[in-house]
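J.: everything below, folded, please.
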Amino acid sequence: MTTKTNRSSPADMQVNTSQRLVSLDALRGFDMFWIIGGEHLIHALAELTGWPVMIWLSAQMHHTVWNGCTFYDMIFPLFLFISGVSLPYSLGKKMGLSGVDYAYQLPATVKRQILKANLRRMLILVFLGMVVNGLFKFNGYENTRFASVLGRIGIAWFFAGLIHLHFSLRKQLVWFFVILTGYWLAMSFIPVPGFGAGDMSMEGSLESYIDRLLLPGRLHSKVHDPEGILSTIPAVATGLLGIFTGVFVRSKTFDPLKSVYFMLMAALALMVAGLLWDGIFPINKRLWTSSFVLFVGGWSLAFFAVFYLIIDVAGWKRWTFPFILIGTNSILIYLAVEGMIGFDHTAQFFLGGLIRLVPDRFEELLKIVSVILVELLGLYFLYKNKIFLKV
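T.: Numbering: from 1, shown residues only. Purely as a prediction, here's the structure:
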């Protein structure tokens, strides 16, 4: 990664949106940082300092039990949103589209080629998700969990891309609203045996009932799976929100600062819409409710707008390097921390002796820092040698 300057004056703020956005890799890395050790770092700092702000941040590093939303609930949909933003750029790079061209205008033969590649990516992500769930432990079909985070990303991204390839922007917006409205109506008015219609509990919701009825193998929570069948449909809308954002930024309709302004206003509108819908369809990550899509979609758009402003518009890039290391190999580091590599043992092997020399109250914090350092060193080695896991 080369940076011509670390800072640009407002008059010089121009973005070449035909190239890869540095802010996308940085935001993806920021998002994954909390998965690979950031959450434990916050917990340790809260325990060590006892500061109210750290205690509040620590509480944000847990999933909400059911209804509601914390920062940690936003990590998964933010990643899916980022995948959506990157799609118009990857298509433009592969197909030579300019900022004002649209994917649905591509020839049918080209679309089939793209869909074949996207289908391959989806199937690989579904498979890798099952590997993370313990596929190779061979615990039997009934004990295998087929639904997964990576699987949902692959499926939702594929169908969002399918809509993007075959419909105009106006029709894509129609799809977006139909998906969210249709999911709300289904969850609210289709009765579940023994519970009736409109039950939004873990056991009584339509989403959970369909998972128990149709999803093979083991469910994450016995009666419910947060990455289940029905709730993957509104996740497609999350991917579409990212695609809309990517198309908007890449089109260069407005100058960069005005684009940031419009994105922040749209983000605020999405958050407000989600909060209003929350009154009748609760914000709930496990059900991936329509209100959750809007509320967290607003936050995702706001995060992207801020990163885009600071990094791609203002040119402040040097601070992003640790996040770039994570973001450019995000799937690989996710697979690694989910059990494929024991970073804690590696960190203990190299730094355990030094950690034992410090006072006991700092030991947990330094253990976490050492794990993150080992992860970043490994990612740096891969980055310098241009080794990236591309799916």
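J.: all helices of the stretch 101-250 of the chain, in order?
T.: 108-132, 149-166, 169-189, 206-214, 232-251 (DSSP state H, counting those that start in this stretch).
J.: how far off helix 149-166 does the longest one point, in degrees?
T.: Meaning helix 108-132. Angle between the axes of helix 108-132 and helix 149-166 is 170 degrees (criterion: axes from the mean of the first three to the mean of the last three C-alpha atoms, to 10 degrees).
J.: look at the residue lying closest to residue 197 once chain neighbours are set aside and report its pLDDT.
T.: Closest residue to residue 197 apart from its sequence neighbours, by C-beta to C-beta, 6 or more residues apart in numbering: residue 191 at 4.3 Å. For the C-beta atoms, the positions are set from N, CA and C on the backbone; glycine is no exception. If you check residue 191, the pLDDT there is 97.
J.: what about residue 191, how many neighbours?
T.: Neighbours of residue 191 under the rule other C-beta atoms under 10 Å: 12.
J.: tell me which of the helices of the stretch 101-250 of the chain lies nearest to residue 55.
T.: helix 149-166 (27.6 Å; C-beta to C-beta).
J.: just checking, what packs against that closest one?
T.: helix 71-95, helix 108-132, helix 169-189, helix 232-251 (3 or more C-beta pairs under 8 Å, 6 or more residues apart in numbering; DSSP states H and E).
J.: which of those is buried the deepest?
T.: Of all these, helix 232-251 carries the top mean neighbour count, a mean of 24, counting by mean count of other C-beta atoms under 10 Å.
J.: then that helix to PDB, C-alphas only?
T.: Below are the C-alpha coordinates for helix 232-251, written out as PDB (Å, rounded to 0.1, in the frame of the first residue of the first chain):
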ATOM      1  CA  THR A 232     -31.600 -15.000   5.600                       C
ATOM      2  CA  ILE A 233     -34.200 -13.300   3.300                       C
ATOM      3  CA  PRO A 234     -34.000  -9.900   5.000                       C
ATOM      4  CA  ALA A 235     -30.200 -10.300   5.100                       C
ATOM      5  CA  VAL A 236     -30.400 -10.000   1.300                       C
ATOM      6  CA  ALA A 237     -31.800  -6.400   1.900                       C
ATOM      7  CA  THR A 238     -28.700  -5.700   4.000                       C
ATOM      8  CA  GLY A 239     -26.500  -6.700   1.100                       C
ATOM      9  CA  LEU A 240     -28.600  -4.500  -1.200                       C
ATOM     10  CA  LEU A 241     -28.100  -1.500   1.000                       C
ATOM     11  CA  GLY A 242     -24.400  -2.000   0.500                       C
ATOM     12  CA  ILE A 243     -24.800  -2.300  -3.200                       C
ATOM     13  CA  PHE A 244     -26.900   1.000  -3.300                       C
ATOM     14  CA  THR A 245     -24.100   2.700  -1.500                       C
ATOM     15  CA  GLY A 246     -21.400   1.300  -3.800                       C
ATOM     16  CA  VAL A 247     -23.300   2.400  -6.900                       C
ATOM     17  CA  PHE A 248     -23.900   5.900  -5.400                       C
ATOM     18  CA  VAL A 249     -20.200   6.500  -4.500                       C
ATOM     19  CA  ARG A 250     -18.900   5.000  -7.700                       C
ATOM     20  CA  SER A 251     -21.300   7.100  -9.900                       C
END
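J.: fine, thanks again, bye for now.
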